[in-house]
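Trainee: Fold the stuff below for me.
(chains A and B)
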Amino acid sequence: MGVGKSRKRYIENGRTRAISKAVGVEKAEEEFRHIVTDDENYVRVEVKTYKWSHDGPWDEVDYEPVFWFYEKGSNRPSHAISFSHYGHVYHVNLQSWNRNDFSARFPNEFHTPVLRADRIEIVNGALSRGAYAYAVASLYARQQRPVETSQVQDGLPPNSVEISKEVRKILDNWEGYWNELQER
Amino acid sequence: MSYKKDELLNRLTTALEQIESSLNRAYDLKTETLDLSPALANTEKAKKVASPRDKALVEEFEREIKKFIGVRMTPQNVAKLKEILQHFGSEVSMAMAVQDYSDDDYNAFLKLLEKPEIKDHIINLQEGRRKPIGREEAEMMFNLKIIEEKNGKIQLTERGKYLAKALKPL
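Mentor: Alright, predicted model coming up:
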């Protein structure tokens, strides 16, 4: 990827103002769509935030952003990075991206996206790894299906300072993450 | 802060046992409130050796548990607390099962969990029932050190026992 050119176009076309405005605030106003173009590559990074109303013991509304990475000429994302209770999860080579594969962390609760991918990596956490595996087990053991009432919201409204920081970090370094994801 | 996953998971296991025991004691003695301070002391120590993401999970659990401090333990509250313990306990058990897996093994393990019959196989073995199992699944479970052969018998490893504990309530 022509990093210099991409960066240039990104700065020219990207919504940098919106990013700084939304990260760390209660609710974002718009979706972020980073379109990077150069002569050789076309990568789109799209951030969508999923808002979940829990009906399990953790009785709170939660916001969880997902970064979708689209390869050149494709209208379906190949990789994703999600944020959740499990932390910062890489989904490499998504197998099904449009089926709302949301798994339950708790019974009857559709919560964190568990995107079907060839490979998953949970960054930084033994407990997080366990929690994620439990969610996967729960999904398959109960043969759960997503509920239609879950709201999908565009934008970046993380209600957690920690997630805000992580999102911000990825936004600032998204090209590095993209290259890293492709190498996995 | 240093990240020590063994200590983290052991502290959390102890905290869960302490809450369970406080719940049982309250039931036996017909007291109305719980003593959660020993468990919270352990979660506090757990946070000190946790990674940032794991710390966030522990804090979330603490927030929920603290709602029961000084609260009358009605049957409804007991049920609510038990549900929280069961979910968090399953996550901790699962973490015990996967903590030393390489990334490759962890991914293979996630694929294994997708097989609908796995839960029954594990629970059957835990309860001493030996039922036929597909060759592929059996191989995966051997490779992932969930089951082992001992004295000519197939049984769960320590890892398999943690897994059984996590899967049983599902």
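
Trainee: Show the pLDDT at the residue in chain A that chain B sits nearest to.
Mentor: Nearest residue of chain A to chain B, counting by C-beta to the nearest C-beta: residue A:130, 2.6 Å away. Bear in mind the C-beta positions are built from the backbone N, C-alpha and C, glycine included. For residue A:130, the pLDDT comes out at 93.

Trainee: any weak-confidence spans in chain B?
Mentor: B:1-3, B:29-30 (pLDDT under 70).

Trainee: Might one say that residue B:40 is in contact with residue B:68?
Mentor: No: counting by C-beta atoms under 8 Å, residue B:40 does not reach residue B:68; the two are 10.8 Å apart.

Trainee: And for residue A:95, nearest residue in space, chain neighbours not counted?
Mentor: Leaving aside its chain neighbours, residue A:95 sits nearest to residue A:116 (4.3 Å; criterion: C-beta to C-beta, 6 or more residues apart in numbering or on different chains).

Trainee: and that neighbour, how many neighbours does it have?
Mentor: Per other C-beta atoms under 10 Å in any protein chain shown, the neighbour tally for residue A:116 reads 16.

Trainee: Could you do residue A:183 as well?
Mentor: 7.

Trainee: Ok, residue A:89 next?
Mentor: Residue A:89, neighbours per other C-beta under 10 Å, totals 24.

Trainee: In terms of pLDDT, where does it sit?
Mentor: Taking residue A:89 on its own, its pLDDT is 82.

Trainee: Residue A:54 too?
Mentor: pLDDT recorded at residue A:54 is 50.

Trainee: picking that back up, any idea how far the residue nearest to residue A:95 is from residue B:90?
Mentor: 22 Å (C-beta to C-beta, to the nearest Å).

Trainee: Now for the closest residue to chain A within chain B: which residues touch it?
Mentor: The minimum distance from chain B to chain A, using C-beta to the nearest C-beta, falls at residue B:95 (2.6 Å). By C-beta atoms under 8 Å, 6 or more residues apart in numbering or on different chains, the contact set of residue B:95 is A:126, A:127, A:129, A:130, A:131, B:5, B:9.

Trainee: Check which helix or strand the last one maps to.
Mentor: Same thing as residue B:9. helix B:5-29 (DSSP states H and E).

Trainee: what do you get for the fourth one?
Mentor: Element membership of residue A:130, judged by DSSP H and E, is helix A:126-142.
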